[in-house]
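> got a structure for you, letters missing:
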Ligand SMILES: *Cc1c(COP(=O)(O)O)cnc(C)c1O
């Protein structure tokens, strides 16, 4: 169905996702894992809308969660709790209790202090928590510093040099059951080398940990594979995994279960945000194209100077001009694209591309803007998977003094 028709029927800004594109992205991983003992856990913080989770759950995915709220979403979407892994540096006791009681598959533990607390909480419940420890392989993923996570100077994981000691500590705790090892080196990674280096570093640790008498049943290799935003050329998931399995096999670890946590690469290019041009505003130095989507809907440019392609929804014969594409929010940081050549007029629709990941899940109500509606297109069928948020929705829970 034409985006223009959808925008007219449902209003703007409007996120539109393609189920076929999501399953196509997933299929590349599934091809890479054919014949292997592997589990894909969708890194759901990329887009945690229930209808999106439902598609991945039905396709057999587990989920990588980072909060108890995300666990509740997995349950609401009909996901399999046993296929949930819980990542994040700041899990609370309440969150641990909830996840243990629900029976999740594994906790990816990020510090020694967390190991101690998790063991205590599990013992209180008369359970043993399945854990893997997130190790920091200290490789440079060559991505934006805000989304690079596997280097020494950041808050994630346990240092490579400390990992064996931390594993010994974990194995000594009565409330824990050590089952795996985990790493996640960053996001929007477009090169193979950082992954290959990280796998070498992780396999070194697996050898050392197993030599110390602690068996490792699974290797969780995180997510982070990039997508094409603007001429980016990330490796295809199946080709990447062919190379990674060559390493795993060469080092006699073929028997281990492989888990991964891809987020962006499963949904990023499956969604667009359709927006209406409100005004064209010529200026002395710049022309502005003011649209009805803003940084509260599409936070990535303001947050990471990220690039989203922006295209007119219908081809017109208007003359093109160069614009900074901005939203109505009262911040100079509220821009969506700079110096874009566009042939549009007020009232036309534009599509902000590659908006399936880290857009709606990061959306806010800044400027008391309701969050956008979301549609899932499945062949000829179009389903509303999130209604446009009303101002009443936003004020719910607030009280006058
Ligand atoms: C964010 C995150 C992911 C998903 O990352 P993508 O770049 O979206 O693939 C996976 N694992 C962990 C621990 C994360 O924090």
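Sure thing, it's come through. Quick caveat: nothing in here was measured; it's all calculated off a predicted structure.
> From now on I want contacts and neighbour counts done on CA atoms only, so please keep to that.
Will do.
> Tell me who's in contact with residue 123.
174-175 (Cα atoms under 8 Å, 6 or more residues apart in numbering).
> name the helices or strands packed onto the top helix by length along the chain?
As far as residue count goes, and with DSSP state H defining each element, the longest helix of the chain is helix 193-211. Taking 3 or more Cα pairs under 8 Å, 6 or more residues apart in numbering; DSSP states H and E as contact, the helices and strands that helix 193-211 lies on are helix 163-172, helix 237-250.
> near the ligand, anything from that helix?
No. Using Cα under 6 Å from any ligand atom as the criterion, no contacts between helix 193-211 and the ligand are found, and the smallest distance is 12.7 Å.
> Flag every buried residue along that helix.
Across helix 193-211, burial judged by 16 or more other Cα atoms under 10 Å covers 194-203, 205-206, 209.
> OK, contacts around the residue in the stretch 301-401 of the chain positioned nearest to the ligand?
Per Cα to the nearest ligand atom, the residue of the stretch 301-401 of the chain with the smallest distance to the ligand is residue 357, at 7.3 Å. Under the criterion of Cα under 8 Å, 6+ apart, the contact list for residue 357 reads 46-47, 263-264, 267-269, 271.
> residues from the stretch 201-350 of the chain in reach of the ligand?
Contact residues, the stretch 201-350 of the chain versus the ligand (Cα under 6 Å from any ligand atom): 222-225, 261-265.
> if you set the cut-off to 5 Å instead, what comes out?
If contact is defined as Cα under 5 Å from any ligand atom, the residues of the stretch 201-350 of the chain in contact with the ligand are 222-224, 261-264.
> Show residues contacting the strand ranked longest in the chain.
Among all segments of the chain classified by DSSP state E, the strand with the greatest residue count is strand 271-281. Contacts of strand 271-281 with the rest of the structure, by Cα under 8 Å, 6+ apart, involve 3, 7, 12-18, 287-293, 313, 344-357.
> What of stretch 16-32?
For stretch 16-32, the external contacting residues (Cα under 8 Å, 6+ apart) are 55-56, 59, 236-242, 265-267, 269-274, 356, 374-379.
> Derive a ChimeraX selection command for the buried subset of the residues you listed.
A single ChimeraX command selects the buried members of the contacts of stretch 16-32 (16+ other Cα under 10 Å):
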select :55,56,236,237,238,240,241,265,266,267,269,270,271,272,273,274,356,374,375,376,377
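> wouldn't residue 261 be in contact with residue 46 here?
No. Look at residue 261 against residue 46 with Cα atoms under 8 Å: they stay out of range, at 10.7 Å.
> Of those two, which one has the most company?
Neighbours around residue 261 and residue 46, counted as other Cα atoms under 10 Å, are more numerous at residue 261. The numbers are 27 against 21.
> show me what contacts the more buried one?
When contacts are counted by Cα under 8 Å, 6+ apart, residue 261 touches 40-43, 63-64, 220-224.
> Tell me where the stretch 301-401 of the chain has strands.
For the stretch 301-401 of the chain, strands defined by DSSP state E, counting those that start in this stretch occupy the ranges 310-312, 321-326, 335-342, 349-352, 373-378, 381-386.
> could you dump those strands to CSV with distance to residue 367 and mean pLDDT?
Formatted as CSV, the strands of the stretch 301-401 of the chain follow (distance: least, Cα to Cα, whole Å; pLDDT from 0 to 100):
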stretch, distance to residue 367, mean pLDDT
strand 310-312, 23, 97
strand 321-326, 15, 97
strand 335-342, 15, 98
strand 349-352, 21, 98
strand 373-378, 17, 98
strand 381-386, 20, 98
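> Tell me which of those strands is the most buried.
Across the strands of the stretch 301-401 of the chain, the average number of neighbours (mean count of other Cα atoms under 10 Å) peaks for strand 349-352, which reaches a mean of 24.
> Show me what it is packed up against.
Here strand 349-352 is seen to pack against strand 271-281, strand 310-312 when contacts are counted using 3+ Cα pairs under 8 Å, 6+ apart.
> Distance from the chain centre to the helix or strand just after the longest one, please.
Same thing as strand 271-281. Proceeding N to C from strand 271-281, the next assigned helix or strand is strand 288-291, under DSSP states H and E. Relative to its parent chain, strand 288-291 has a centroid offset of 28 Å by Cα atoms, centre = their mean, to the nearest Å.
> Tell me the helices and strands packed up against strand 288-291.
With contacts defined as 3+ Cα pairs under 8 Å, 6+ apart, the secondary structure elements packing on strand 288-291 are strand 271-281, strand 321-326.
> before we move on, back to that, which of the contacts of residue 261 has the largest number of neighbours?
Top of the contacts of residue 261 by neighbour number is residue 63, holding 33 neighbours under the definition other Cα under 10 Å.
> Wasn't that residue part of a helix?
No. Residue assignment for residue 63, taken from DSSP: H, G, I helix; E, B strand; the rest coil, gives strand, which places it outside any helix.
> Specify the beta-bridge partners of it.
Listed beta-bridge partners, residue 63: residue 42, residue 84 (assigned using DSSP bridges).
> sorry, back to before: of all the helices and strands packed on strand 349-352, which lies closest to residue 161?
Using Cα to Cα as the measure, strand 271-281 is the one of these that comes nearest residue 161, at 40.5 Å.
> Now do the closest one against strand 373-378, angle only.
Using axes from the mean of the first three to the mean of the last three Cα atoms, to 10 degrees, one finds that strand 271-281 and strand 373-378 are set 130 degrees apart in direction.
> Each with direction, which strands does strand 271-281 pair with?
Within its sheet, and counting by DSSP bridges, strand 271-281 is paired with strand 14-18 (antiparallel), strand 288-291 (antiparallel), strand 349-352 (antiparallel).
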